[in-house]
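*Asks:* Sequence plus predicted model, see below.
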Amino acid sequence: MEPDLCVLNDGGAKTVPLIKVLKYRWVILAIFDLISILNFMQLLQFSIISNIVSKYYDVEDFYVDLTGLVFFISYILLFYPIGYLIEKYDLKLTVISAMLLTLVGNLLKLLATEPHQFWLILLSQTVIAVGQVYLYSIPSKLATTWFGAEEVSTACAIGVLGMQLGTALGCVQSPYIVKNDSGESIKTQLFNMFLYQSIMSCSALVVVIFFFRSKPAVPPSQSQVDLQQDSDASISNFFTTMKEIARNANFWLIVFSLGLANGFWNAFGILLNTLYLHYFPKGESDAGLIALITIIVGGCIGSIIFGIILDKTHQFKKVCIGLLVGTCITYVAVVFTLIEESRIGTFIAIPLFGFFLAPVLIVGFEYLVEITYPISETCSTSAFNASYNLLGIIATLLLEVLYDAIGYPYTFAVTFVVFASTVIIIIFVKSDLRRRDANIRRTQTVDAS
């Protein structure tokens, strides 16, 4: 259906589509954050207590790390077909699918509290990971579908905030609930954690069914008007569009700068418990608390701050360079505090590191949407997500091997070289902000009338 038209002068000689931003957009965003929190709580909930899980289920550390890696693997395998489904069907069906899979995964965990049932833990994590594939591609699409031209980066940042906050809560809930006690005690604690996650997931599914909407009655921006008018073509050309993105040089430059940096950020999260316990053998609780602070400071506060900066300035390349340079500097501080075994220092340096590195995700989302417009947000963000998830798997496995082969200090040096290279690569991206230009044309049309 084409948008309503709004007459801009008395003669009726010039009309433009009616555009309006609805207050209900904040309800939609809040619901999305809720389901993101409940899903992403599962991502690192076992990795952050890897020593306890490994002992209780009698499995090697690699299999515990696999409870997090399965999320990256699932995305790489499924982003293409699920991306098509997101384009073909509406946002509400997408969100319901994600929440339903999250609920099923949590219910399966209730059956996986016996020491010989680690395979069921992996299965439940896989089911939840499939639901997460749907969620990853939604923030940019939800932001442009519901929010005005000067709000999309901020809205995207708030959408990603739910993902980051969920990951943070998962890191703190596990050490808080599951203690390094006897086997029977651990079994009870695991069951309690899985039970309340199931209850919350069921409640959230009800909220989504009754209160979530796919799109507003009136588009919120000119760029959204253009996309809605060409929606049928975008669906039929989905596969062609994905090939077009793969041939875009700017896409690969962003992948090997922002995507590579975010891949190492994911690896850092999965291996944080192992890394921290190497220098602080009794620091299980500290590792969980540091992860919580880091994700709140970086993934939540940092993402919103840099999202607002992008909305105000549209200086995508400068913001990217600033984030990556800040990442390099703060990573040096992280390494120093670990090697010097400064417990207080890690509580300062690691959150600062997250402040610069975690927002790279939403900046990458928005940068790609800008330079690939009018290609659908689902296509660009899905391709970006698949790329950095693959890089996250490679980074995790590589760092695990390097820790054992050459030791921690030399591995830190390799990681720093990777971060430094991302600064150089991002410089070569050509900032062709097509979505911003479309909205500027709308403003000029209204002013001219």
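*Replies:* Great, that's in hand. Numbers count the residues shown, from 1 in each chain.
*Asks:* And the helices in the stretch 301-449 of the chain, which stretches?
*Replies:* Ranges of helices in the stretch 301-449 of the chain, per DSSP state H, counting those that start in this stretch, are 303-313, 316-339, 343-357, 360-372, 377-405, 408-426, 434-448.
*Asks:* can you list the weak-confidence ranges in the stretch 301-449 of the chain?
*Replies:* The stretch 301-449 of the chain contains residues with pLDDT under 70 at 373-374, 376-378, 432-449.
*Asks:* rewinding a little: could the helices of the stretch 301-449 of the chain go into JSON lines alongside mean neighbour count and distance to Cys171?
*Replies:* For the C-beta atoms, the positions are set from N, CA and C on the backbone; glycine is no exception. Supplementary listing: the helices of the stretch 301-449 of the chain in JSON lines, determined by neighbours: other Cβ atoms under 10 Å; distance: least, Cβ to Cβ, whole Å:
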{"stretch": "helix 303-313", "mean neighbour count": "19", "distance to Cys171": "17"}
{"stretch": "helix 316-339", "mean neighbour count": "19", "distance to Cys171": "17"}
{"stretch": "helix 343-357", "mean neighbour count": "21", "distance to Cys171": "12"}
{"stretch": "helix 360-372", "mean neighbour count": "27", "distance to Cys171": "17"}
{"stretch": "helix 377-405", "mean neighbour count": "22", "distance to Cys171": "16"}
{"stretch": "helix 408-426", "mean neighbour count": "16", "distance to Cys171": "20"}
{"stretch": "helix 434-448", "mean neighbour count": "15", "distance to Cys171": "34"}
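*Asks:* which residue sits closest to Val335, ignoring its sequence neighbours?
*Replies:* Once flanking residues are discounted, Val335 sits nearest to Phe412: 4.5 Å by Cβ to Cβ, 6 or more residues apart in numbering.
*Asks:* Surely the one you found and Ala333 touch.
*Replies:* No - Phe412 is beyond contact range of Ala333, at 11.7 Å (criterion: Cβ atoms under 8 Å).
*Asks:* Who's the closest spatial neighbour of Gly131, skipping the chain neighbours?
*Replies:* Per Cβ to Cβ, 6+ apart, closest to Gly131 is Leu101, 3.2 Å.
*Asks:* Just the element for that neighbour, please.
*Replies:* helix 91-109 (DSSP states H and E).
*Asks:* I'd like the next helix or strand past that helix.
*Replies:* That would be, after helix 91-109 and using DSSP H and E, helix 118-136.
*Asks:* about what we covered before: just give me the neighbour total for the residue nearest to Gly131.
*Replies:* Neighbourhood size, Leu101 [other Cβ atoms under 10 Å]: 22.
*Asks:* Report the contact partners of it.
*Replies:* Val127, Ile128, Val130, Gly131, Tyr134 (Cβ atoms under 8 Å, 6 or more residues apart in numbering).
*Asks:* Give me the buried subset of these.
*Replies:* Buried members of these, scored by 16 or more other Cβ atoms under 10 Å, are Val127, Ile128, Val130, Gly131, Tyr134.
*Asks:* Can you tell me which of the residues you listed is closest to Leu169?
*Replies:* Ile128 (14.6 Å; Cβ to Cβ).
*Asks:* Quick check: which ranges of the stretch 101-250 of the chain have low pLDDT?
*Replies:* By pLDDT under 70, the weakly predicted segments of the stretch 101-250 of the chain are 221-239.
*Asks:* mind running it again at 80?
*Replies:* Regions of the stretch 101-250 of the chain meeting the criterion pLDDT under 80 cover residues 136-137, 140-141, 149-150, 152-153, 156-157, 160, 164, 171, 180-183, 217-248.
*Asks:* quick one, helices of it?
*Replies:* 118-136, 138-146, 152-177, 183-211, 222-229, 231-236, 238-246, 249-254.
*Asks:* Check which helices and strands the last one is in contact with.
*Replies:* Helix 249-254 makes packing contacts with helix 360-372, helix 377-405, helix 408-426 when contacts are defined by 3 or more Cβ pairs under 8 Å, 6 or more residues apart in numbering; DSSP states H and E.
*Asks:* Mind putting those into JSON lines with distance to Ile348?
*Replies:* Below are the helices and strands packed on helix 249-254 laid out as JSON lines (distance: least, Cβ to Cβ, whole Å):
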{"stretch": "helix 360-372", "distance to Ile348": "20"}
{"stretch": "helix 377-405", "distance to Ile348": "23"}
{"stretch": "helix 408-426", "distance to Ile348": "18"}
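*Asks:* These: which one's closest to Ser174?
*Replies:* helix 377-405 (18.6 Å).
*Asks:* That closest one versus helix 118-136: what angle between them?
*Replies:* 140 degrees (axes from the mean of the first three to the mean of the last three Cα atoms, to 10 degrees).
*Asks:* between helix 377-405 and helix 238-246, how many degrees?
*Replies:* Using the same axes, to 10 degrees, helix 377-405 lies at 50 degrees relative to helix 238-246.
*Asks:* circling back to that earlier point, list the buried ones in the helix holding Leu101?
*Replies:* Result for helix 91-109 [16+ other Cβ under 10 Å]: buried residues 91, 94-109.
*Asks:* Confirm that Leu258 sits in a strand.
*Replies:* No - the assignment for Leu258 (DSSP: H, G, I helix; E, B strand; the rest coil) gives helix, which keeps it out of a strand.
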